[in-house]
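**Q** got a sequence here, can you model it:
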Amino acid sequence: MKKLLFLLSFCLIAGIALSQGLNSPDGNLQMKFSVTEKGEPTYELNYKGKKVINPSKLGLESFGDKPSFYDNFSVIDVKNTTFDETWQPVWGETKDIRNHYNEMQITLSQKETERIMILRFRLFGDGLGFRYEFPEQKKLTYFAVKEELTQFAMTDDHTAWWIPGDYDTQEYDYTKSQLSEIRHLQESARTDNLSQTGFSNTGVQTSLQMKTSDGIYINLHEAALINYACMHLNLDDKNFVFQSWLTPDANGTKGHLQAPCSTPWRTIIVSDDARDILASNITLNLNEPCKIEDTSWIKPMKYVGVWWEMITGKSDWSYTNDFPSIQIGKTDYSKAKPHGRHGATTSNVKKYIDFAAQHGFDGVLVEGWNIGWEDWFGHSKDFVFDFQTPYPDFDIEDIHRYAKSKGVKMIMHHETSASIRNYERFMDDAYKLMNKYDYPAVKSGYVGDIIPRGENHYSQWINNHYQYAIEKAAEYKIMVNAHEAVRPTGVCRTWPNLIGNESARGTEYQAFGGSKPNHTTILPFTRLIGGPMDYTPGAFENDISKYNPNNKSWVNTTLVNQLSLYVTMSSPLQMACDFPETYEKYMDAFQFIKDVALDWDKSKYLEAEPGDYVTVARKAKGTDKWFVGSTNGETGRNSIVNFDFLENGKTYIATIYADDKSAHYKTNPQAYHIRKVVVNSNSKLSQHCAPGGGMAISIFPVTDKAQTKGLKKL
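**A** Next up is the predicted model:
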């Protein structure tokens, strides 16, 4: 009898092990887990009864004599739980975020080695997150990862919006193609960058956006990238199976782990409505809660700065041409003759401070303020900057006093030239200098090949440096905006002083030959899935040769499109990048940049299709003001806005910034008109958006009936 009960129990456990199902709270998604006859963990995913991920293998390959973590497993425990909470981010697209999922924790044992691995799956209404966990155990402590073998098996030859897989940069224009076309398009998609390292003809980066032939949108990414290498995807284009491809360190190892530990989450966002992809909070929800106890010092900022003039080539970061090389602490700049093109002069910075104060901006960024720019790039210098010593024509004391008198904060710039050890050498002193002169935020940069030599921008050790910089900055109550760092994965929930990243092709490329006119209709589906981008919009002058006759670049958007980006590409850190004198020519349009908020109570995505258009309405935090942005791709269209997001029974005045009918990003980009209308929750608008154009609307509640006099009701 006991033997019979044992066999029945064994069969029950074996049945559970061979196939386990998990449904999302709303029932739209179904995940199935199983173990093959070889002991290989696998999963598959359905959406509304349709397969979106075919059976896909899971596991890691390790170095050493012992078997790796991808086969010979058996299930020894399965636990199912449900979680539902609502939490409030320090800043973001919404005031409240619901974190609701069903979880399945599967404990696996590898018989031969007696090692334990846990697979944790969380299924939300809009997607799946899963990760590998290695609990504390006698048979496993330290191990090195050769490769992660996570698969994402697609069901067909989907349409994808992708950039080439690269260990050192994400600064590429996106390519739209079928999965089967990635191989022969890879070379043309890989444009020059100051540091780049490809790995495969079918390698792509996350966040990867796809669309099936029957209209299902699938997004692949990762969340909570901590103490691990950044994940790329390598495609088997015969079977349409993606496999994770981690960024290696200098000796080729893709991770050094110590149990207990866990990997980042692998995420799959799924919907038959593109707007749901943009509204998903899976990436944030899979990160840990905020670890900063007092967040009162973390405040969104709108800024201008000494930057665009260097990017366009009108002025320089450097101070002199006198020295063939620079040695920090030895080169005597007091004896140097200025070359006359330095942008970060005291007098020039004061002009930006005046402009910021006049128009209600929070801060001014200054690049090129510190010594060392004469030979900062291309020489593999370790001791390249000290982040302490200003050039002779930048009076840091005077600037501090002047900015304070105007009520403007200064934003620090730390370009590291990718010398990691050097930045960490000076980091504490650099942050102390910021505290002394009341700089609340720093823009850091990692241009060029990484030092230590042979490391990559997205390897485990370098990712740990980026995290170290964020946490160290928090000790000094400093906000971080990291450029050329690893693309974000929702870590800003845990460390909200990370208020911005670049990690994609930003506005600067409009002065480096231009970007595709539909670029900003793709970024919300890709780069922005992991967190906000310091995209630096606001370029009102399209013809860069007007700033620098030697630069023939063209900004491939309309002026109104630039306005729309302050809403469609939400960020707590937003720049108005162009010259004050340019804005002074278009002060009626510039008003929208002055008015638009940085932090939100609500966001409602109204229209969306990757590569074509994104329209979103957002309610400014703590107010009754709304802002709408619509960014358009290369084909002109009418954007349809239903104002049902407004409070019933209230009347508002909408100021509509729109492309003229004749507007075109290439031939007539500065053709726009502005009109005011009265709206309420029943109003509807059909508004023309030009090729490369868009629309922006500010919506303020009526406080006095006299405000509506003479205005048409929409």
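**Q** wasn't Thr615 part of a strand?
**A** Yes - the assignment for Thr615 (DSSP: H, G, I helix; E, B strand; the rest coil) places it in a strand.
**Q** return the distance of the strand or helix carrying Asn561 from the chain's centre.
**A** Using DSSP states H and E, Asn561 maps to helix 559-568. Centroid displacement of helix 559-568 relative to its chain, using Cα atoms, centre = their mean, to the nearest Å, is 18 Å.
**Q** counting by contacts, list what it packs against.
**A** Under the contact criterion of 3 or more Cβ pairs under 8 Å, 6 or more residues apart in numbering; DSSP states H and E, helix 559-568 touches helix 519-522, helix 587-595, strand 613-620, strand 626-632, strand 652-659, strand 694-701. All C-beta atoms are positioned from the backbone trio N, CA, C, and that covers glycine.
**Q** looking at the ones you listed, which is nearest to Val408?
**A** Of all the helices and strands packed on helix 559-568, the one in closest proximity to Val408, counting by Cβ to Cβ, is helix 587-595 (14.3 Å).
**Q** next, the angle from the closest one to strand 694-701.
**A** Going by axes from the mean of the first three to the mean of the last three Cα atoms, to 10 degrees, helix 587-595 is angled at 60 degrees with respect to strand 694-701.
**Q** tell me the angle of helix 587-595 relative to strand 652-659?
**A** Orientation of helix 587-595 against strand 652-659 (the same axes, to 10 degrees) gives an angle of 120 degrees.
**Q** can you pull the buried residues of the next helix or strand after helix 587-595?
**A** Sequence-wise, the next helix or strand downstream of helix 587-595 (DSSP H and E) is strand 600-609. Residues 600-601, 603-608 are the ones in strand 600-609 that count as buried (16 or more other Cβ atoms under 10 Å).
**Q** picking that back up, pull the distance from the next helix or strand after the helix holding Asn561 to the chain's centre.
**A** Next helix or strand after helix 559-568 toward the C-terminus (DSSP H and E): strand 573-575. Mean-position distance between strand 573-575 and its chain equals 14 Å (Cα atoms, centre = their mean).
**Q** for strand 573-575, which outside residues touch it?
**A** Here strand 573-575 makes contact (Cβ atoms under 8 Å, 6 or more residues apart in numbering) with 300-305, 307, 365, 441, 479, 481, 499-500, 532, 534, 536-538, 566, 596, 598.
**Q** specify the angle between the helix holding Asn561 and strand 600-609 in degrees.
**A** For helix 559-568 against strand 600-609, the angle by the same axes, to 10 degrees is 120 degrees.
**Q** list the contacts of helix 559-568.
**A** Helix 559-568 has contacts (Cβ under 8 Å, 6+ apart) with 520, 524, 535, 537-540, 574, 586, 589, 592-593, 596, 614-618, 627-632, 657-659, 663, 665, 669-670, 672, 690, 692-696.
**Q** filter the residues you listed to the buried ones?
**A** 520, 524, 535, 537-540, 574, 589, 592-593, 596, 614-618, 627-632, 657-659, 663, 665, 669-670, 672, 690, 692-696.
**Q** how close does the residue nearest to Lys211 when sequence neighbours are not counted get to Gln151?
**A** Leaving aside its chain neighbours, Lys211 sits nearest to Thr159 (4.7 Å; criterion: Cβ to Cβ, 6 or more residues apart in numbering). Plainly put, Thr159 is 20 Å away from Gln151 if you go by Cβ to Cβ, to the nearest Å.
**Q** repeat that for His519.
**A** From His519 to Gln151 the distance is 30 Å (Cβ to Cβ).
**Q** so where's the stretch 151-300 of the chain shaky on pLDDT?
**A** Scanning the stretch 151-300 of the chain for pLDDT under 70 picks out no residues.
**Q** ok, now which ones touch the closest residue to Thr150 other than its chain neighbours?
**A** Distances taken as Cβ to Cβ, 6+ apart place Ser244 nearest to Thr150, at 4.1 Å, with adjacent residues excluded. Ser244 makes contacts with 147-151, 231-234, 266, as judged by Cβ under 8 Å, 6+ apart.
**Q** save these as CSV, and put in secondary structure too.
**A** Formatted as CSV, the contacts of Ser244 follow (three-state DSSP):
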residue, secondary structure
Glu147, strand
Glu148, strand
Leu149, coil
Thr150, coil
Gln151, strand
Met231, strand
His232, strand
Leu233, strand
Asn234, strand
Arg266, strand
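**Q** closest to Arg98 out of those residues?
**A** Arg266 (21.6 Å).
**Q** count the residues that sit near that closest one.
**A** Per other Cβ atoms under 10 Å, the neighbour tally for Arg266 reads 22.
**Q** ok, it - contacts?
**A** 129-131, 150, 152, 220, 222, 231, 244.
**Q** which secondary element of the protein has the worst mean pLDDT?
**A** None of the helices or strands of the chain scores lower by mean pLDDT, DSSP states H and E than helix 2-18, at a mean of 41.
**Q** correct me if wrong, but the residue nearest to Thr150 is in a strand.
**A** Yes - according to three-state DSSP, Ser244 belongs to a strand.
**Q** quick check: the residue nearest to Lys211 touching Glu181?
**A** No - in this structure Thr159 lies outside contact range of Glu181 using Cβ atoms under 8 Å: 9.7 Å.
**Q** more neighbours, the two?
**A** Applying other Cβ under 10 Å to Thr159 and Glu181 shows that Thr159 carries more neighbours, namely 18 against 15.
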